[in-house]
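Trainee: Quick check, what structure comes out for this input:
(one chain, ligands or ions: 2)
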Amino acid sequence: MSQSTEPKLPESDVPESAVRRKVLQSFGLFALAAAVPVGVYEWITHSPKLRGIKKPFRQVLDANEQVARTYFSNTHLVRTFPVEEAEKKARVNGYDGIRTPVPEDWKLQIDRPGTEPLMLTIDDIKALPKHEIVYEFKCIEGWSQVQHWGGARLSDFLEHYKLGSKSGNAPSPDNTDDLFKYMGMETPDKGYYVGIDIESAMHPQTLLAYELNGEPINAPHGAPLRLIIPVKYGVKNLKRIGRMFFSDQRPPDFWAERGYDYYVGL
Ligand SMILES: Nc1nc2c(c(=O)[nH]1)N[C@H]1C(S)=C(S)[C@@H](COP(=O)(O)O)O[C@H]1N2
Ligand SMILES: [Mo]
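Mentor: Ligands and ions are numbered 1, 2, ... in the order given. So this is what the prediction gives:
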């Protein structure tokens, strides 16, 4: 099997053993990672592909999907920390879609079925109640940091602007038939994009963040507005949101297209 079918990591040039560990980590199999012999890994990576992902993993991923869809309800909160424990200098990782300067005329575009897109300014987002979270941000590549973010709850935003529902009413977790299954987001230049299950989008700890350590987010961290979704690995935390939309089909996802689990939940 050619190199190009191997999962491509956000940081390349990692040794094979590290790749193996990270591939397994990406499925949450941390403890197993060390125990899986190289031979087994090779058998897995040389197996036929199914929906773009190696076959023996597919069942694991489908199980993961079930877990993601039921587990990330409002009753499961990620652990939070005292603000003093937050890193003063948060690490920067990943520049896809943010290599150009922040557009001066930046607006958040929200596509809505049957009507024209909503165009919002950062002040519109700041007008919603502000929430802060200090939690352990985890990158699938194997690093994590306690970080302090501030912004509007994505659930408050969806409710205020009546988004994510098919009826055009405020979305309600009690009326799941009326909810689109997914939310898609992309950078203004479409260079990076993610798809998120609506349950995780509506999780109370998910933020449209405009502050890091109490300051406006800088360009490398995703100015003026980024997603902070603590129930997911870093890859889903899109920096510099340009457009959002809702769909029952899985929106395109940059790293899922490159071999990662679509859900990458923690
Ligand atoms: N636009 C954009 N958002 C992105 C990425 C990226 O390359 N481009 N990388 C993702 C990954 S892999 C991680 S770990 C986090 C890192 O966020 P940070 O730079 O604020 O640490 O951003 C995520 N969001
Ligand atoms: Mo990452």
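Trainee: Which residues are in contact with the residue lying closest to Leu77 once chain neighbours are set aside?
Mentor: Nearest in space to Leu77, with sequence neighbours left out and distances taken as Cβ to Cβ, 6 or more residues apart in numbering, is Gln205 at 6.1 Å. All C-beta spots, glycine's among them, are computed from the backbone N, C-alpha and C. Contact analysis of Gln205 by Cβ atoms under 8 Å, 6 or more residues apart in numbering lists Leu77, Val78, Ile133, Tyr135, Ile229, Pro230, Val231.
Trainee: between those residues, which has the most around it?
Mentor: Comparing the contacts of Gln205 by number of neighbours (other Cβ atoms under 10 Å), Ile229 comes first, having 26 neighbours.
Trainee: Near the nearest residue to that one once chain neighbours are set aside, how many other residues are there?
Mentor: Residue nearest to Ile229 in three dimensions, not counting chain neighbours: Thr206, with 4.7 Å by Cβ to Cβ, 6+ apart. By other Cβ under 10 Å, the residues close to Thr206 number 28.
Trainee: Tell me the backbone dihedrals of the residue nearest the centre of the chain, please.
Mentor: Nearest residue to the geometric centre of the chain (Cα atoms, centre = their mean): Lys236, 1.6 Å. Dihedral pair for Lys236: phi -80, psi -10, per degrees, to the nearest 10.
Trainee: bridging residues for the closest residue in space to it that isn't next to it in sequence?
Mentor: Of all residues not flanking Lys236 in the chain, Val194 sits nearest, at 5.0 Å (Cβ to Cβ, 6+ apart). On the basis of DSSP bridges, Val194 is bridged to Met185.
Trainee: Spell out which parts of the chain neighbour ligand 2.
Mentor: Residues of the chain lying close to ligand 2 by Cβ under 5 Å from the ion are Cys139, Gly234, Val235.
Trainee: Return only those of these found close to ligand 1.
Mentor: Applying Cβ under 6 Å from any ligand atom to these, one finds that Cys139, Gly234, Val235 fall near ligand 1.
Trainee: Restricted to helices, list these.
Mentor: Under the assignment DSSP state H, these contribute nothing to helices.
Trainee: out of the residues you listed, which one sits closest to ligand 1?
Mentor: Set against ligand 1, the nearest of those by Cβ to the nearest ligand atom is Gly234 (2.5 Å).
Trainee: For the closest residue to the closest one other than its chain neighbours, report the pLDDT, please.
Mentor: Spatially, and ignoring its direct neighbours in sequence, Gly234 is nearest to Cys139 (4.0 Å; Cβ to Cβ, 6+ apart). Note for Cys139: predicted pLDDT of 97.
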